Structure formats: structure tokens, C-alpha cells
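Undergrad: next input, structure requested:
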Amino acid sequence: MRLRLLLSESIRSLGANISTTVAATMTVLIGMFLLGLFIAIGSWANDFGEKQKEKLLVKVYFCTETTCDRPATEDQINAVRRSLESNPLVAERGVEFVSKTEALERMRERTPEIVANLTSNPLPDAFEVRARDGADVREIGAAIRNERFAGVEEVKDGEEISDRVINAARIMSTAFAIATLVLLVSSALLIANTIRLSIFSRRREIEVMKLVGATNWFVRGPFMLEGLICGVIGSAAAVLLLLVGKELVLPSILGRLDSGTDVAAWPFHVIALVILGVGLTVGAIGSGVTMRRFLNV
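TA: You can find the predicted model right below:
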């Protein structure tokens with residue numbers, strides 16, 4: 001009975017301030033829609049970055065007849081293999097030997113026009129090394145360089161690529177955090193303004209309620225429900241818009257991206273739950289902050 005009374009009072013107050021109610025709800029809708037969009041794009045980009053880091057390899061090239069005084073011997077190659085396999089940063093079975101013959105076959109398949117006129121094989125034997133974490137490729141490469149193995153001509157660890165991936169992920173995360181914070185603060189402030197107007201229009205009624213013995217929570221209840229209702233309606237509408245976009249727009253966008261089928265954003269139901277939870281929180285904070293400042297109960 002009491003809950004029904006609180007709910008009816010909240011709805012009556014929201015109807016009496018319909019313009020600010022609509023403005024607050026629309027702000028929550030826009031904020032939660034953008035939040036859901038940022039979560040989807042951010043999680044997809046993060047997964048894409050992780051997949052790209054997994055593709056980063058350390059490549060150890062050995063001396064050939066044309067690059068050094070003498071080509072690398074089998075013992076020298078095996079010494080490098082043992083060092084790599086004992087490195088805890090290297091993935092299990094992450095050390096692959098690529099002979100110069102196999103390297104030439106790979107190049108012939110990928111770029112046949114380059115090797116069409118070759119009279120000999122200029123490519124070196126090499127190790128391709130996969131790290132447990134793509135961010136560790138530079139450290140693995142540095143370890144090989146520091147040991148100065150005989151027979152090793154060059155070590156490449158994708159330094160520029162890894163830096164770009166990591167920096168892009170860092171910039172994306174920072175931009176996402178700032179945009180999310182701005183959206184949440186603006187939504188909470190507009191909800192707070194709606195509650196403030198409601199309190200101001202009903203200040204005499206509140207005084208009478210206190211005089212007849214109404215408790216603090218009985219007075220606060222309708223205003224808290226107002227904020228929660230704005231948050232729930234705005235969040236639910238944002239989830240609906242995201243669902244429409246997911247079904248109608250997303251397939252055409254993904255069809256233009258060559259990112260691989262294994263790259264994915266968070267599941268939609270997880271994003272929807274996050275949006276609803278954040279919308280409720282924003283509504284509660286908006287109403288709570290306003291009551292704390294403007295209600296003397």
C-alpha cells in the first residue's frame with residue numbers, strides 16, 4: 001500500500017513537471033545510448049588490439065653466405081632455440097624454425113612477382129617466436145640481442161607495431177573514460193534539476209507532511225522514485241535503440257571491415273544490463289544529491 005502511494009505520488013509529480021521530466025529522460029536516453037555504443041566499440045577495439053598483439057612475432061634471422069663471413073651452424077641455431085624455449089615469456093610451443101627453403105616458398109606464394117627472377121635463395125634461416133603476451137615481444141627480442149649469439153644476424157621484434165597498438169589502445173581507453181564521465185555527470189545533473197523543481201513546487205506540501213509526523217524516508221520516497229523512473233525509462237529506450245542498431249546497421253558495417261571473425265565486442269545482454277544498472281545509479285544519484293541539498297527533513 002505504501003509503495004503504491006509513493007509510486008502514484010512520483011508519477012503525479014513527474015506529470016506536473018512534464019517538460020523537465022522529458023528533458024531528463026531524453027538526456028539519460030542519449031547518455032546511455034552513447035555509453036552502450038562506447039562500450040560496444042571499446043570492447044570490440046580492445047579485443048581487436050589483443051588479437052593484433054597475438055600476431056606480433058619475434059623473428060631471429062641467422063647469418064647466410066652473403067651476409068656474414070660464414071653461415072650459422074646447426075649448433076649455433078640449436079643454442080638459440082634452447083635459450084628461447086627456456087624463456088618464460090615465450091608461449092608454449094611458440095618457437096618455430098623457418099628454413100630458408102620454406103621462407104622462399106612462403107614468399108613465392110605471397111608475392112610471386114618478387115621471386116620470379118631469382119637465381120638463388122637469398123633468404124636466411126630464422127626462428128619465429130610467439131610470446132605468451134604480445135606486449136612482451138620487445139623484451140624477448142632484447143634478451144636475444146643481449147646474449148649476442150654467434151650466427152645471429154638480426155633480431156626483429158615488431159617494436160613500431162607493438163607501440164602503435166598499445167598507444168592506440170591507451171588513447172581509446174582514455175577517450176572512452178572521459179566521454180563516459182561527461183555523459184554520466186550531465187545525466188545526473190539534469191535529473192537533479194527535475195527533482196529540484198518538483199521539490200520547489202511542493203515545498204508547502206512537504207512542510208505539512210512533516211508537521212503531521214511524516215518520516216524523512218516517507219518524504220524522500222517519491223522524489224527518489226522520480227529519479228529512478230527517469231533513469232529506467234531512459235535506459236530502457238537506449239537499450240531498444242541499440243538493439244535496433246545492432247540488427248539493422250551493424251551487419252552492414254561489419255561487412256566492410258576485414259578484422260577476422262574471431263574479433264567480438266561484449267555480448268549484447270551484458271551491455272544492456274550495464275546500461276540499465278548505470279541508468280538506475282544515475283537516477284538515484286541525481287535525486288539523492290538534490291534532496292541532500294534542498295530538503296531540510
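Undergrad: how much space between I285 and F223?
TA: Between I285 and F223 the computed distance is 13 Å (Cβ to Cβ, to the nearest Å). In this view, the C-beta of every residue, glycine as well, is placed from N, C-alpha and C.
Undergrad: which of the two has more neighbours?
TA: Set I285 next to F223 and count neighbours by other Cβ atoms under 10 Å: F223 wins out with 26 against 19.
Undergrad: the more buried one is in what secondary structure piece?
TA: Assigned by DSSP states H and E, F223 belongs to helix 216-248.
Undergrad: same question for F149.
TA: With DSSP H and E as criterion, F149 is part of no helix or strand.
Undergrad: show me what contacts it?
TA: By Cβ atoms under 8 Å, 6 or more residues apart in numbering, the contact list for F149 reads Q76, A79, V80, S83.
Undergrad: give me that answer again for 7 Å
TA: Residues counted as contacts of F149 (Cβ atoms under 7 Å, 6 or more residues apart in numbering) are Q76, A79, V80.
Undergrad: bridging residues for V98?
TA: Assessed by DSSP bridges, V98 has beta-bridge partners A126.
Undergrad: burial count for it?
TA: V98: 18 surrounding residues under other Cβ under 10 Å.
Undergrad: same check on V95?
TA: 20.
Undergrad: work out for me the element it sits within.
TA: Assigned by DSSP H and E, V95 falls in strand 90-98.
Undergrad: for E102, same thing?
TA: Secondary structure from DSSP H and E places E102 in helix 100-110.
Undergrad: elements contacting that helix?
TA: Judged by 3 or more Cβ pairs under 7 Å, 6 or more residues apart in numbering; DSSP states H and E, the packing partners of helix 100-110 are helix 112-115.
Undergrad: what helices or strands is the helix it packs on leaning on?
TA: Helix 112-115 packs on helix 100-110, going by 3+ Cβ pairs under 7 Å, 6+ apart.
Undergrad: what angle sits between the helix it packs on and strand 90-98?
TA: 90 degrees (axes from the mean of the first three to the mean of the last three Cα atoms, to 10 degrees).
Undergrad: pLDDT of helix 100-110, averaged?
TA: If you average the pLDDT over helix 100-110, you get 86.
Undergrad: list the buried residues in that helix.
TA: K100, A103, L104 (16 or more other Cβ atoms under 10 Å).
Undergrad: show residues contacting it.
TA: Helix 100-110 is contacted by residues I114, V115, N121, L123, P124, D125, A126 when judged by Cβ under 7 Å, 6+ apart.
Undergrad: check the nearest residue to I140 once chain neighbours are set aside and give its pLDDT.
TA: Counting by Cβ to Cβ, 6 or more residues apart in numbering, I140 lies nearest to V58, which is 4.9 Å off, once chain neighbours are set aside. Note on V58: pLDDT of 87.
Undergrad: residues in contact with V58?
TA: Contact analysis of V58 by Cβ under 7 Å, 6+ apart lists V129, V137, I140, G141, V155, D157.
Undergrad: so it bridges to which residues?
TA: For V58, the beta-bridge partners under DSSP bridges are V129.
Undergrad: of the contacts of V58 - the most surrounded one?
TA: V129 leads those on contacts (other Cβ under 10 Å) with 27 neighbours.
Undergrad: so who does it touch?
TA: Per Cβ under 7 Å, 6+ apart, neighbours of V129: L57, V58, V60, L84, V90, G94, V95, I140.
Undergrad: and the residues you listed as JSON lines, adding distance to G213?
TA: Formatted as JSON lines, the contacts of V129 follow (distance: Cβ to Cβ, whole Å):
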{"residue": "L57", "distance to G213": "75"}
{"residue": "V58", "distance to G213": "76"}
{"residue": "V60", "distance to G213": "82"}
{"residue": "L84", "distance to G213": "79"}
{"residue": "V90", "distance to G213": "74"}
{"residue": "G94", "distance to G213": "74"}
{"residue": "V95", "distance to G213": "79"}
{"residue": "I140", "distance to G213": "73"}
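Undergrad: and which of those is nearest L35?
TA: Set against L35, the nearest of the contacts of V129 by Cβ to Cβ is L57 (36.7 Å).
Undergrad: distance check, that closest one against P124.
TA: As judged by Cβ to Cβ, L57 and P124 stand 15 Å apart.
Undergrad: what do you get for E102?
TA: 12 Å.
Undergrad: check G245 too.
TA: Here the criterion is Cβ to Cβ. By it, G245 lies 50 Å from P124.
Undergrad: same thing with I39?
TA: 46 Å.
Undergrad: helices of this structure, start to end?
TA: 2-16, 18-54, 74-86, 100-110, 112-115, 137-147, 159-201, 203-211, 216-248, 250-254, 268-294 (DSSP state H).
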